[in-house]
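A.B. asks: Got a predicted structure plus its sequence, pasted below:
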Amino acid sequence: MSDQNSKYGNDDRLITLSQRLHNNGLRATPQRLAILEHLEGNRSHPSAEEIYKQLKPRFPSLSMASIYSTLEALARTGELQELNIDPLRKRFDPDTSAHCHFFCRICRKVYDIETPLPISSFNQLEFLIESCAVNFFGICPNCQNF
């Protein structure tokens with residue numbers, strides 16, 4: 001992947017992304033590196049279709065199957081959160097920390113909601129929590145103003 005195709009233009013960053021793919025049993029193809037780059041720090045919670053539309057002009061041979069297989073593999077290994085918050089499509093969140101989401105039923109945007117989760121109280125009861133999904137649904141402030 002050349003520097004002009006990378007939004008980072010940083011060989012160390014590409015090596016890190018390549019290593020993440022390798023650690024998850026995936027070859028570091030230019031398309032997969034581009035998917036990771038697109039997700040890095042992305043707070044829009046994109047769907048596979050949105051990622052495809054963004055990357056297709058740079059990678060004409062990119063297929064939806066490649067997008068889906070890469071996203072599913074990264075979600076399986078904990079690199080991404082797969083969100084089932086949008087009734088029309090899966091969304092993906094590169095932020096794997098414990099946080100909540102809000103889905104606006106008007107504009108269909110997904111927002112991160114930072115609120116303390118009472119996970120420690122379950123741990124005191126000897127439950128082993130492996131994941132938690134708290135989703136809120138409603139109308140965002142922007143859509144309420146219309």
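C.D. replies: Yep, it's here.
A.B. asks: Mind checking what secondary structure R91 has?
C.D. replies: Counting by DSSP: H, G, I helix; E, B strand; the rest coil, the backbone at R91 sits in strand.
A.B. asks: Kindly state the pLDDT recorded for E49?
C.D. replies: E49 carries a pLDDT score of 96 in this model.
A.B. asks: same deal with Q124?
C.D. replies: In this model, Q124 is scored at 71, pLDDT.
A.B. asks: any idea how far it lies from P118?
C.D. replies: Distance, Q124 to P118, using C-beta to C-beta, to the nearest Å: 10 Å. C-beta: built from backbone N, CA, C; applies to glycine.
A.B. asks: Repeat that for S66.
C.D. replies: Noted for S66: a distance of 39 Å to P118, by C-beta to C-beta.
A.B. asks: The two: which is more packed in?
C.D. replies: S66 (18 against 8; other C-beta atoms under 10 Å).
A.B. asks: For the helix or strand hosting that one, output the C-alpha coordinates as CSV.
C.D. replies: Using DSSP states H and E, S66 maps to helix 64-76. Extracted in CSV, the C-alpha atoms of helix 64-76 (Å, rounded to 0.1, in the frame of the first residue of the first chain):
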residue,chain,number,x,y,z
MET,A,64,-18.6,-7.2,-0.3
ALA,A,65,-17.6,-10.8,0.6
SER,A,66,-14.1,-9.5,1.6
ILE,A,67,-15.6,-6.7,3.7
TYR,A,68,-17.9,-9.1,5.5
SER,A,69,-15.3,-11.8,6.1
THR,A,70,-12.8,-9.3,7.4
LEU,A,71,-15.3,-7.6,9.7
GLU,A,72,-16.7,-10.9,11.0
ALA,A,73,-13.1,-12.2,11.7
LEU,A,74,-12.2,-9.0,13.5
ALA,A,75,-15.4,-9.1,15.6
ARG,A,76,-14.8,-12.8,16.5
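A.B. asks: got the angle for that helix vs strand 89-93?
C.D. replies: Per axes from the mean of the first three to the mean of the last three C-alpha atoms, to 10 degrees, the angle that helix 64-76 makes with strand 89-93 is 50 degrees.
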